[in-house]
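Novice: generate a structure from the sequence data that follows.
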Amino acid sequence: MKSKIDRRFDPISAADLLLDIAQEKSVENLLQKLVRRAMERPHIVCYQIWLVDKGDLCSVCPQKPLRLIAGGWKSFLDSGESVQHFNGPNTRMPLGVGLVGKVVATGQQLVLKRLNGRQGYLAELGLPEQERIRGFQGSPIMFKGEVLGVMASFVSEDTPDVALPWGRIFADHIGAAIANARAFKEIRRLKAQLEQQNTYLQEEVVEAKAFGDLVGQSAALRQVISQIDLVAPTEASVLILGETGTGKDLVAHEIHRRSQRKDKPLVRVNCASIPRELFESEFFGHVKGAFTGAIKDRPGRFETADGGTLFLDEIGEVSVEMQGKLLRVLQEKHYERVGDDQTRDADVRVIAATNRDLKKEVAAGRFREDLYYRLHVFPIYVTTLKDRKDDIPLLAKHFVDLSVKGLRCPKPRLTQAGVAKLQNYDWPGNVRELRNVIERAVILARGGPLLFDLPVTDSTAPSALSTPRPATKSGVEFLTEAEMQRRERENLIAVLERSGWKIKGVNGAAELLGVKATTLLARMKKMGIMRPGK
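Specialist: Model prediction:
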């Protein structure tokens, strides 16, 4: 009798297996080792590991969270022996149904003997009824009072009573190992997500420096801010419209900052920079081996922005084919990584921006109409800098401070003449161009007055000292060469008298004119202008 018991149960082998379990850090490797070691026992016909996987419910079997993760069986009907993983249509089961389901429902070990006359149990799990299966042992896999799954064995001989407690011991160790492995996996996922978020946030810091904050007091800007205040607390999708360089990124930042998702990440996606073949991977992520070059699992932008805001910049650059895939996620709030069948929730708020006229794009067939209306729930139009020139003095001062801090340059003086010159320019590049012009001027100023080298535009204001002349047929006024020289001399003398004939320094004539002191002195010498009394 002793030899028969030893053949069915070996305490030394069981202890060795427990030590092996403690060394495993991967759930997959752990389960494969358990199946392999179990199937080495001659009396085990079928060995299965079922896990409760509530977070991975498929659309076909939403009420069957009990999933067969790994298993093996060997047939006594022939001399062949096989070990396999079950991935067929019968790999899910409702809780409380069948032998395995009852173990999960009760959380208690279930041992059955003399099953020869009750072959219905075999058909239940897809096993041939001709197999010589005599007993069943199911032990709940538990961790901290929670049932994680079931370790089930079908044997050709009744399990001895001395071996029954070991089933529960194994199940408890497996439960702890699975919980630890899942915890490590979650830590790795969160670490990867944090790294992705940090990368995106660093990109956002660089972008934000190019625009500063929402600065200004114009009526146009106040209108934008009032719209932000209205839509930010809601979960509505927002479409930000405006020319390139107007600060659409900042509007998206403000909406996120004033929303209920402000403590979660804001992830920006430059849709124009994503290649078509990488669109799904970039947005939804991929699993290892999904395609050539996928050497590890990678979360996508939707997963990185989980709980926060996803800012789709340049949405008009997305191809029509990819627009359909994006629309499906926005409507269903679900997605799958490339190469994975696990469905994930898309808990994100979407803000999109474009400098294109999407209505014309829809009419031309380059943008899906259904996606347009899905995004166009609350449109915000950001006006050009040309239409909010009242904000230029505040923006200029703000950008000077940013440039001085970022470039570590001496702080220059922003003169009234310089501000007037900025306001007389049309700014086709909008706020971005203003930022770049000021940064260049700060570098050249070396702590002196800021001088702006801007092209003359049609909006440049005429001199206050000029007198209207008869217009030509084209409506353009003109002055003769002699009149221009006389007006220039009169203007120069008026500035000198205004400054008390002070040439250099703060409120000097050179600063008021927006030229260098050496240039002013050269002009005075050329025109023969001298201070009275000298």
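Novice: now do stretch 523-534, average pLDDT.
Specialist: Stretch 523-534 shows a mean pLDDT of 78 in the predicted model.
Novice: can you list the buried residues in that stretch?
Specialist: By neighbour count on 16 or more other CB atoms under 10 Å, the buried set for stretch 523-534 is Met524. Yep, even glycine has a C-beta here, placed from its N, CA and C like the rest.
Novice: in the stretch 401-534 of the chain, which spans are helices?
Specialist: Assigned by DSSP state H, counting those that start in this stretch, the stretch 401-534 of the chain shows helices spanning 416-423, 430-445, 481-498, 509-513, 517-527.
Novice: contacts for the second one next, please.
Specialist: In other words, helix 430-445. Residues outside helix 430-445 that contact it (CB atoms under 8 Å, 6 or more residues apart in numbering) are 210-212, 243-247, 384-386, 392, 395-396, 399-400, 403-404, 407, 409-410, 412-413, 422, 427, 429, 450-452, 454.
Novice: give me that answer again for 6 Å
Specialist: 210-211, 243, 245-247, 384-385, 399-400, 403, 409, 412, 427, 450, 452 (CB atoms under 6 Å, 6 or more residues apart in numbering).
Novice: farthest-separated two in these?
Specialist: Greatest spacing in these, by CB to CB: Glu243 and Cys409 (29.6 Å).
Novice: what comes up buried for stretch 307-316?
Specialist: Across stretch 307-316, burial judged by 16+ other CB under 10 Å covers Gly308, Thr309, Leu310, Phe311, Leu312, Asp313, Glu314, Ile315, Gly316.
Novice: cool, and stretch 512-523?
Specialist: Leu512, Leu513, Gly514, Val515, Ala517, Leu520.
Novice: and the fifth one, how far from Arg531?
Specialist: Using CB to CB, to the nearest Å, we find Ala517 at a distance of 15 Å from Arg531.
Novice: what is the mean pLDDT for stretch 492-500?
Specialist: 84.
Novice: ok, back up a step: pick the most deeply packed of the helices of the stretch 401-534 of the chain.
Specialist: Mean neighbour count, computed with mean count of other CB atoms under 10 Å, is highest for helix 509-513 among the helices of the stretch 401-534 of the chain, reaching a mean of 23.
Novice: neighbouring contacts of that one?
Specialist: With CB under 6 Å, 6+ apart, helix 509-513 has contacts from Thr415, Ala417, Pro449, Val495, Leu496, Ser499, Ile503, Ala517, Leu520.
Novice: kindly report the same for stretch 301-315.
Specialist: Residues outside stretch 301-315 that contact it (CB under 6 Å, 6+ apart) are 193, 196-197, 252, 256, 261, 264-272, 283, 285, 335, 346-354.
Novice: now the buried members of those.
Specialist: For those, buried by 16+ other CB under 10 Å: 193, 196-197, 252, 256, 261, 264-269, 271, 283, 285, 335, 346, 348-354.
Novice: can you report how many residues lie near Arg258?
Specialist: Neighbour count of Arg258, defined by other CB atoms under 10 Å: 14.
Novice: OK, contacts around it?
Specialist: Arg258 sits next to Ala232 when contact means CB under 6 Å, 6+ apart.
Novice: if I look at it, how far off is Leu230?
Specialist: Taking CB to CB as the measure, Arg258 falls 10 Å from Leu230.
Novice: returning to what we had before: from the buried residues of stretch 512-523, which is closest to Met39?
Specialist: Among those, and counting by CB to CB, the member closest to Met39 is Gly514, at 88.1 Å.
Novice: distance check, the nearest residue to the closest one once chain neighbours are set aside against Phe452.
Specialist: Excluding the flanking residues, the one nearest Gly514 by CB to CB, 6 or more residues apart in numbering is Ala417, at 3.9 Å. Distance of Ala417 to Phe452, computed by CB to CB: 10 Å.
Novice: please apply the same query to Lys386.
Specialist: In this structure, Lys386 and Phe452 are 16 Å apart, going by CB to CB.
Novice: what do you get for Ile351?
Specialist: Relative to Phe452, and taking CB to CB, Ile351 is found at 34 Å.
Novice: likewise for Trp50?
Specialist: Counting by CB to CB, the gap from Trp50 to Phe452 is 73 Å.
Novice: the two - which one has more neighbours?
Specialist: Trp50 (26 against 19).
Novice: secondary structure element for that one?
Specialist: Under the criterion of DSSP states H and E, Trp50 resides in strand 44-52.
Novice: contacts for that strand, please.
Specialist: Contacts of strand 44-52 (CB under 6 Å, 6+ apart): 31, 35, 38-39, 65-73, 100, 127, 131, 133, 149-156.
Novice: measure Glu40 to Gly71 for me?
Specialist: For Glu40 relative to Gly71 (CB to CB), the value is 15 Å.
Novice: how many neighbours does the closest residue to Lys411 other than its chain neighbours have?
Specialist: Leaving aside its chain neighbours, Lys411 sits nearest to Val404 (4.9 Å; criterion: CB to CB, 6+ apart). Neighbours of Val404 under the rule other CB under 10 Å: 17.
Novice: go on, Ile178?
Specialist: Residues near Ile178, counting by other CB under 10 Å, number 22.
Novice: what sits against it?
Specialist: Under the criterion of CB under 6 Å, 6+ apart, the neighbours of Ile178 are Val27, Leu148.
Novice: let's see 8 Å
Specialist: Residues in contact with Ile178 (CB under 8 Å, 6+ apart) are Val27, Leu30, Leu51, Ile141, Phe143, Leu148, Gly149.
Novice: nearest to Met484, of those?
Specialist: Checking those one by one against Met484 (CB to CB), the nearest turns out to be Val27, at 85.2 Å.
Novice: next, the nearest residue to the closest one once chain neighbours are set aside: secondary structure please.
Specialist: Of all residues not flanking Val27 in the chain, Ala181 sits nearest, at 4.4 Å (CB to CB, 6+ apart). With DSSP: H, G, I helix; E, B strand; the rest coil as the basis, Ala181 sits in helix.
Novice: quick check, pLDDT for Ala181.
Specialist: Value for Ala181, per-residue pLDDT: 74.
Novice: any idea how far it lies from Asp158?
Specialist: Relative to Asp158, and taking CB to CB, Ala181 is found at 33 Å.
Novice: same check on Glu336?
Specialist: 45 Å.
Novice: cool, Ser259 as well?
Specialist: Distance from Ser259 to Asp158, by CB to CB: 64 Å.
Novice: neighbour-wise, which of the two wins?
Specialist: A direct count of neighbours by other CB under 10 Å for Ser259 and Asp158 places Ser259 higher, at 21 against 16.
Novice: which parts of the stretch 151-300 of the chain are helices?
Specialist: Using DSSP H, counting those that start in this stretch, the helices of the stretch 151-300 of the chain run over 164-209, 219-231, 248-257, 279-284.
Novice: right, so of those, which gets closest to Pro299?
Specialist: helix 164-209 (5.4 Å).
Novice: OK, contacts around Met524?
Specialist: Leu492, Leu496, Met530.
Novice: how near is it to Val437?
Specialist: Met524 is 29 Å from Val437, by CB to CB.
Novice: for the stretch 1-150 of the chain, which spans come out with low pLDDT?
Specialist: Residues of the stretch 1-150 of the chain that meet the criterion pLDDT under 70 lie in 1-26, 54-64, 75-90, 115-132.
Novice: many thanks, we can stop here.
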